[in-house]
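Novice: how does the following fold in three dimensions:
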Amino acid sequence: MDIRIDDLTGSEIHALLQEHLRDMAELSPPESVHALDLDGLRRPDIRFWTVWEKGQLLGCGALRELDSTHGEIKSMRTAEAHRRKGVATRMLGHILDEASRRGYRRLSLETGSMAGFAPARTLYAQFGFVECAPFGDYVEDPNSVFMTRSL
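Specialist: Got it, this is the predicted structure:
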């Protein structure tokens, strides 16, 4: 698997992000969908990566700088056809390495509380993330689970 910085211009990533946004809209009420669209992911405080293998897009993930010591994981997604192949594990490891390289002391995320998000919550817990209070601009939401870990 090859992880690359992505400029969000390719048709493959457009399709994967549309799949991601569509799934988020199906699983969560509109006010609880915190997934970013293409413009949101192009912000200067976000670095976006894609995972490729043999010319196929397997998944993506992003790191947003909240401040000089705190980052947020955004847009972690594995393409439907490539689930259960270790794509998310590889991307999460990459994001953790980048957060450490930047000198962050904390890495946080928001994910859904519904059953469809259970695999994501399990993955994050396996990497040492624990539930926490809302951070950044988030507010308490019964449809959200906030997680964090020290680096």
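
Novice: give me the distance from the lengthiest strand in the chain to the chain's centre.
Specialist: In the chain, ranked by residue count with DSSP state E as the criterion, the top strand is strand 56-67. Here strand 56-67 is found 6 Å from its chain centre; the criterion is Cα atoms, centre = their mean, to the nearest Å.

Novice: what sits up against whatever helix or strand comes next after it?
Specialist: With elements assigned by DSSP states H and E, the helix or strand that comes after strand 56-67 is strand 70-78. Contact with strand 70-78 is made by 16-17, 19-20, 35-36, 41, 46, 48, 58-66, 85, 87-88, 91-92, 95, 99, 102, 104-110, 120, 135-136, as judged by Cβ atoms under 8 Å, 6 or more residues apart in numbering. For glycine as for every other residue, the C-beta is placed from the backbone atoms N, C-alpha and C.

Novice: for this protein, which spans come out with low pLDDT?
Specialist: Along the chain, segments meeting pLDDT under 70 are nowhere present.

Novice: can we see that at 90?
Specialist: 19-38, 80, 116 (pLDDT under 90).

Novice: ok, the residue of it positioned farthest from its centre - contacts?
Specialist: The C-alpha centroid of the chain is most remote from Lys54, which lies 22.8 Å away (Cα atoms, centre = their mean). By Cβ under 8 Å, 6+ apart, no residues touch Lys54.

Novice: where exactly do the strands run in the protein?
Specialist: 2-5, 46-53, 56-67, 70-78, 106-112, 130-131, 144-150.

Novice: now for the third one, which elements pack on it?
Specialist: In this case it means strand 56-67. Using 3 or more Cβ pairs under 8 Å, 6 or more residues apart in numbering; DSSP states H and E, the elements in contact with strand 56-67 are helix 11-27, strand 46-53, strand 70-78, helix 87-101.

Novice: could you check the angle the second one makes with helix 11-27?
Specialist: Here the directions of strand 46-53 and helix 11-27 differ by 110 degrees (axes from the mean of the first three to the mean of the last three Cα atoms, to 10 degrees).

Novice: quickly run through the sheet partners of strand 46-53, with directions.
Specialist: strand 2-5 (antiparallel), strand 56-67 (antiparallel) (DSSP bridges).

Novice: no further queries at this time; thank you.
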